[in-house]
Structures are given as structure tokens and as C-alpha cells.
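K.L.:
how would this look folded up:
(one chain, ligands or ions: 1)
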Amino acid sequence: SSRTRSPSPFSSSCLSNDPEPGRVRVAVRIRPRIAADLSDADYPDCVEVQPELKKLKLRKNNWSAEYFRFDEVFATSASQKRVYEVVAKSVVESVLDGYNGTVMAYGQTGTGKTYTLGRVGKDDDSKRGIMVRALEDITTNTSPTSDCVEISYLQLYMESIQDLLAPEKTNIPIVEDGRTGEVSVPGATVVKLNSMDQFVQLLHMGEANRHAANTKLNTESSRSHAILMVFIRRSVPEQEGLDISLRETEVDKKTGRPGYHVPTIRKSKLLIVDLAGSERLDKSGSEGHLREEAKFINLSLTSLGKCINALAENSPHIPTRDSKLTRLLRDSFGGSARTSLIVTIGPSSRHHAETSSTIMFGQRAMKIVNAVKLKEE
Ligand code: ADP
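P.N.:
Next comes the predicted model:
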């Protein structure tokens, strides 16, 4: 028979109805002015959002502005809950359904990447970020007896992977299975998750280790990428609708795709990536170590940009080999994997150049090449 895998009710909302599977969804979040902007009092806001139109206006000066469209544009008032629901929930659902997925935050240091992804919300539940909410969704939708949820937490700094749950482990290699394309980091600590309290503790531990490691290296956390990996293994009863006509080792003559056997264990993973600050480090004329550092950060962000652009253009070749970051992401974006990118910006025109380049990164991911340029009266 040529039965194919039927989508579960969970996936029907996100994958099977998705006209553009594999496209990266891009949302922009602007943070409100905060105390740190006080010294920017002379700099008026250069960004205005039109959330209902999913548009954002970037003012260049008094006379001209550019408009950009995204999948979603959040106002400063957008709640953490709403950001999670729009940006991450469908990715989490597809991961629960057996597909890999990635949620990434990109933006200048200080614009809210960590606030959006990593906030624990200890004193205020409503402030919980995407990591905690994702794990809440995952734990409530998996069974502690038949499913298994595990996490690793890594830092990628200057093309070296460090274990944030065991900081003595550095330079951990990435392993790619040549046959299945599966990417893994077998040297990293993997912790089986039992409760949300435990997860929050692990997050704190990872943050503390990140801070300590970066103090030792004399760098800042904003210079490294933090990658939370969540592995899910679910026992699936032999289902109606699974393609049992092909064995794992066979190849479908029509499509050339390898067949798969009926899985009794379904594996998937979710990557939540707090990217290094997108500010161009070379502009300050950095020297020596800083210049090396800038080169590596630029390398991974540039190669991430290239991969996202290739996905946006539906290119058959996604150039993931160029950096460790994209090698790690290789099996978790594009194809059947769901990917969301949240681009974070600040309001002040002091950072107009960085804000503009951040927005352009997001625009290229959306493949909207021609931004509408309008003159202001
Ligand atoms: P990044 O990770 O991009 O360097 P952070 O997440 O550390 O930035 O945010 C910088 C500062 O801005 C923090 O003090 C944070 O609490 C604040 N902040 C960021 N986003 C928001 C937001 N949406 N609402 C209120 N404060 C925010």
C-alpha cells in the first residue's frame, strides 16, 4: 500500500496546512525605552510599529522613512505570553509531533533577546520567556511514563562549543550522521527532565556558568551564542497511516527518498538559540583578540544569514558547512523543520544604523526584497 503518515490533530494547524513549509517565520519585537536609554534623551524614537498591519516604520530623518512588513510586528506593549504564542507555540507543537524545530532571537545587544527567550519570571509569572513556556507546553503534552524529555545547554564562542551544564567541557565536537543527516553533540551533558523546577534550576545554572566562563575568557555573554537543545522521545503506538510499504534501507523509486520503518519511538528536537549581539564589532576598530572574536561572530551570523536567505529563495542547497552554528542547526531548520526568527530592536535613533541592519536581516529572511520606500511630507 502507499499509505502515508497522517497528520495528528496537533500538527494539522501548523504543518499540513502550511503553504510554505520550511520558510522561516519572522517577527519583530521592539522593546520599550528603559533606564539605559536615559542618556539617549536627545535621540527621538526612530521606529513606529503598526501591529495590525504587521508593518514597521523606520524613520531615517525628519523627511524620510522606510516601511517593512513582517509575519508579525509586536508593539512595546506585547506580552510575553502573546510573543510565545505567535512566535514559538507552533514550533513547539510540531516538535511534539515528531519534527525538529528552531526558535532564534537576533538583534543588537540590549534589545531584548534574553528577555524574550530566557526570562524565568521568578517574581512575576507573566514575564516567563519562550524557553520556560516551551518547556511547560512540552511537559504538559508528554507523558512521564511513555515519553522522555532531555535537555542540553551549550554556548558557542569563537567556533568552540562549551557545555553550560558542565563548563569544564569545551571544544565539544559536532557529529553528523552521514546517512540520516542527524546532527548531535554526543560529548555534551544531557539531563533528563523531571519537573519545571528542575528546568528553571538548569537554566540558572547555565546562565551562571555562562557568566563565569565569559569572565574567565574576558569576554561578554553577548559575544557568544547560547543554545538550548530539547530532545523529545515519544513512544508512538503503531499507527494507522504510517508508511509501512518501505523499509528503512529501501529507497522510494519515484521520489528517491529513503523509506522508513514503522517507528515505535519517535525522536525530535527543539533548539532555542539566543544569538550573539548583531552589532558590527569591527566598526570600533577592535584589535587583537577582539578582532578575532568579531571575525568569528560575524562568520557564524553571516553564514546563518546565508542559510536563511537560501531557505527564503527555496534553494536546493543550504550552505550549512561554513560555521559551527549552522552545522548545529543543519537538521533543525528548513525541510520539514519549523523555524521562527524573532528580531529584536530598540526604539532610540542613536542606534539607527544597527536597527536598520537588524531589520534588513529579518527582511531578507522573509524574502521581501523590495521594501516599500515612502517619503514623509
Ligand atoms: P539582549 O539579550 O538582547 O542583550 P536583554 O534581554 O538583556 O537584551 O534586554 C536588555 C534590557 O532591556 C534588560 O534590562 C531587559 O529587562 C530590558 N527589556 C528587554 N526587552 C524588554 C521588554 N519587551 N519590555 C521591558 N523591558 C525589556
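K.L.:
Pretty sure residue 356 sits in a helix.
P.N.:
Yes: assessed by DSSP: H, G, I helix; E, B strand; the rest coil, residue 356 belongs to a helix.
K.L.:
That one reaches residue 58, doesn't it?
P.N.:
Yes: counting by Cβ atoms under 8 Å, residue 356 touches residue 58, with 6.2 Å between them. For the C-beta atoms, the positions are set from N, CA and C on the backbone; glycine is no exception.
K.L.:
Looking only at neighbour counts, state which of these two leads.
P.N.:
Taking neighbours as other Cβ atoms under 10 Å, residue 356 and residue 58 compare with residue 58 leading, 20 against 17.
K.L.:
Quick check: phi and psi at that one.
P.N.:
In terms of degrees, to the nearest 10, the main-chain angles of residue 58 are phi -110, psi 110.
K.L.:
what sits against it?
P.N.:
Applying Cβ atoms under 8 Å, 6 or more residues apart in numbering to residue 58 gives the contacts 46-47, 65-68, 352, 355-356, 359.
K.L.:
so how many other residues sit close to the closest residue to the ligand within the stretch 51-200 of the chain?
P.N.:
With Cβ to the nearest ligand atom as the measure, residue 112 is the residue of the stretch 51-200 of the chain nearest to the ligand, at 2.8 Å. When counting by other Cβ under 10 Å, one arrives at 23 neighbours for residue 112.
K.L.:
so it makes contact with residue 32?
P.N.:
No: when contacts are counted by Cβ under 8 Å, residue 112 is not listed as touching residue 32 (9.3 Å).
K.L.:
Can you report how many residues neighbour whichever residue of the stretch 151-300 of the chain sits closest to the ligand?
P.N.:
In the stretch 151-300 of the chain, the residue that lies nearest the ligand is residue 222 (5.4 Å; Cβ to the nearest ligand atom). By the criterion of other Cβ under 10 Å, residue 222 has 19 neighbours.
K.L.:
now residue 181
P.N.:
Neighbours of residue 181 (other Cβ under 10 Å): 10.
K.L.:
Helices along this protein, start to end?
P.N.:
9-11, 80-83, 89-96, 113-118, 130-140, 196-216, 288-312, 324-329, 352-366 (DSSP state H).
K.L.:
Of all those, which one is nearest residue 335?
P.N.:
Each of the helices of the chain has some distance to residue 335 by Cβ to Cβ; the shortest is helix 288-312, at 9.2 Å.
K.L.:
residues touching the closest residue to residue 157 other than its chain neighbours, list them.
P.N.:
Spatial nearest neighbour of residue 157, excluding adjacent residues (Cβ to Cβ, 6 or more residues apart in numbering): residue 224 at 3.9 Å. By Cβ under 8 Å, 6+ apart, residue 224 lies in contact with 155-157, 210, 214, 276.
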